[in-house]
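coordinates only, sequence not included:
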């Protein structure tokens, strides 16, 4: 996997502009995961704990495919509380580093009016490439 951040551009914070992946291995598409537990129950209505659970859910699906966090090459976040996101952005970064380390895939953050699963505040979907062994 090659990180694509053009040298002449200012460095992105918390994501990469692009990822180049060789075409050997398995591509894993992970559906949008919200911040509920394995029983589909939200344990919190707050953005930060929901983000952590949603990211853990993404990683659980990836693990089922035999992957690890560094195999994620693309992630999209859908959030319906921009003011809260901006307030807890630093704490979200700490959760990210705890679960993902210093791996920053190509990412998009999209603010939406609502999510299907109430009281969901954030939904994460991802694409990963797991190399052949």
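Structure's in. What do you need? Since we're looking at a predicted model, the values are computed, not measured.

any idea which helix is longest in this protein?
Assignment by DSSP state H gives helix 47-64 as the longest helix of the chain.

neighbouring strands - and their directions - for the helix or strand bottoming out on mean pLDDT in the chain?
Every helix and strand of the chain was ranked by mean pLDDT, DSSP states H and E. The lowest is strand 19-20, at a mean of 78. Here strand 19-20 is paired, per DSSP bridges, with strand 2-3 (antiparallel).

residues in contact with the strand it pairs with?
Outside of strand 2-3, the residues within contact range by C-beta atoms under 8 Å, 6 or more residues apart in numbering are 16, 18, 19, 20, 21, 104. Yep, even glycine has a C-beta here, placed from its N, CA and C like the rest.

gap between the last one and residue 117?
Taking C-beta to C-beta, to the nearest Å as the criterion, residue 104 is separated from residue 117 by 27 Å.

just give me the neighbour total for residue 133.
5 (other C-beta atoms under 10 Å).

ramachandran angles for the residue nearest to residue 67 when sequence neighbours are not counted?
Take residue 67 and drop its neighbours on the chain: the residue closest to it by C-beta to C-beta, 6 or more residues apart in numbering is residue 130, 4.5 Å away. Per-residue torsions, residue 130: phi -100, psi 120 (degrees, to the nearest 10).
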